[in-house]
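J.: the following block contains a protein sequence and its predicted model.
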Amino acid sequence: DAEITQSPRHKITETGRQVTLACHQTWNHNNMFWYRQDLGHGLRLIHYSYGVQDTNKGEVSDGYSVSRSNTEDLPLTLESAASSQTSVYFCASSESNRLTATDTQYFGPGTRLTVL
Amino acid sequence: SQQGEEDPQALSIQEGENATMNCSYKTSINNLQWYRQNSGRGLVHLILIRSNEREKHSGRLRVTLDTSKKSSSLLITASRAADTASYFCATYSRGSYIPTFGRGTSLIVHP
């Protein structure tokens, strides 16, 4: 069965370190997204990609970067981790249906990141 | 700011009762979707309603959309303890495939 996985599921790191969170999907979806979820803020979009070599900034992109070298993976990198980046991170993928103008997202299980 | 805002923030009911949660949004949308999130898990898609639809059903779920009031409601009938989760609405503005999620409604169903 197709799925979307994230690793690690839990990560503790120190301020200033570079951290990379992995996201891998086997849906063969063109679109991939990274969100962070914090109490009181719901889900906020960090970066997204519509296909290989395409990346776009979301609402809260400062301090984060992504790269898309193949269809299956969209790793999220925190260049220099800050305590404000302590959060739960979700990756999602989707395949937009331009005929019906709809798009349904499939989410990974999440990565809980703590920055000390 | 959030496009979709769910109301109430939290809801506690007994098994067998109906649960209603609402979503309000600010700008014109192409479609609206509801997702469920169980504790410690990712979001799971429940149902999609297009801007030209007023009501949709899926099992025990009923979704309504009032574009004049820019609001949607999700009704879960005959709730079960397994329905305990957070529920989010996601709006898609016209011409966009990027959803905007609300903060969610936390539903607790007591057995």
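T.: Perfect, thanks for sending it.
J.: quick one, strands of the chain?
T.: The chain I'm using is chain A. Here chain A has its strands, by DSSP state E, at A:4-7, A:10-13, A:19-25, A:31-38, A:42-51, A:54-57, A:64-66, A:76-78, A:87-94, A:106-107, A:111-115.
J.: if you could check chain B rather than the one you did, that'd help
T.: B:4-7, B:10-14, B:19-25, B:29-37, B:43-50, B:55-58, B:61-66, B:71-76, B:85-93, B:100-101, B:105-110.
J.: please name the bridge partners of the residue nearest the centre of chain A.
T.: Taking C-alpha atoms, centre = their mean, the centroid of chain A lies closest to A:Trp34, which sits 2.4 Å from it. Using DSSP bridges, the bridge partners assigned to A:Trp34 are A:His47, A:Cys91.
J.: pretty sure it sits against A:Leu43.
T.: No. In this structure A:Trp34 lies outside contact range of A:Leu43 using C-beta atoms under 8 Å: 10.4 Å. Placement of C-beta: from N, CA and C, glycine included.
J.: which neighbours do the two share?
T.: A:Phe90 (C-beta atoms under 8 Å, 6 or more residues apart in numbering or on different chains).
J.: verify the stated contact: B:Arg54 with B:Thr64.
T.: Yes. Using C-beta under 8 Å, B:Arg54 is in contact with B:Thr64, at 6.4 Å.
J.: more neighbours: which of these two?
T.: Set side by side, B:Arg54 and B:Thr64 show more neighbours around B:Thr64, with 16 against 11, by other C-beta atoms under 10 Å in any protein chain shown.
J.: so the more buried one makes contact with B:Ser72?
T.: Yes. Taking contacts as C-beta under 8 Å, B:Thr64 lies within contact range of B:Ser72: 6.4 Å.
J.: overlap in contacts, these two.
T.: B:Ile49.
J.: follow-up on the earlier one: take the strands of chain B and write them to a markdown table, including mean pLDDT and distance to chain A.
T.: Formatted as a markdown table, these follow (pLDDT from 0 to 100; distance: least, C-beta to the nearest C-beta, whole Å):
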| stretch | mean pLDDT | distance to chain A |
| --- | --- | --- |
| strand B:4-7 | 80 | 9 |
| strand B:10-14 | 96 | 12 |
| strand B:19-25 | 95 | 12 |
| strand B:29-37 | 93 | 5 |
| strand B:43-50 | 94 | 5 |
| strand B:55-58 | 96 | 13 |
| strand B:61-66 | 97 | 14 |
| strand B:71-76 | 97 | 15 |
| strand B:85-93 | 92 | 7 |
| strand B:100-101 | 90 | 4 |
| strand B:105-110 | 96 | 11 |
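J.: quick one: buried residues of stretch B:25-32?
T.: B:Tyr25, B:Ile29, B:Asn30, B:Asn31, B:Leu32 (16 or more other C-beta atoms under 10 Å in any protein chain shown).
J.: just put those residues in TSV and tack on distance to A:Thr77.
T.: Output for the buried residues of stretch B:25-32, formatted as TSV (distance: C-beta to C-beta, whole Å):
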residue	distance to A:Thr77
B:Tyr25	32
B:Ile29	32
B:Asn30	32
B:Asn31	32
B:Leu32	33
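J.: closest to B:Gly16 among these?
T.: For those, the residue nearest B:Gly16 by C-beta to C-beta is B:Leu32; the value is 27.6 Å.
J.: chain B contacts on chain A?
T.: A:4, A:31, A:35, A:40-43, A:45, A:48, A:58, A:90, A:92, A:94, A:96, A:100-110 (C-beta under 8 Å from any C-beta of the partner chain).
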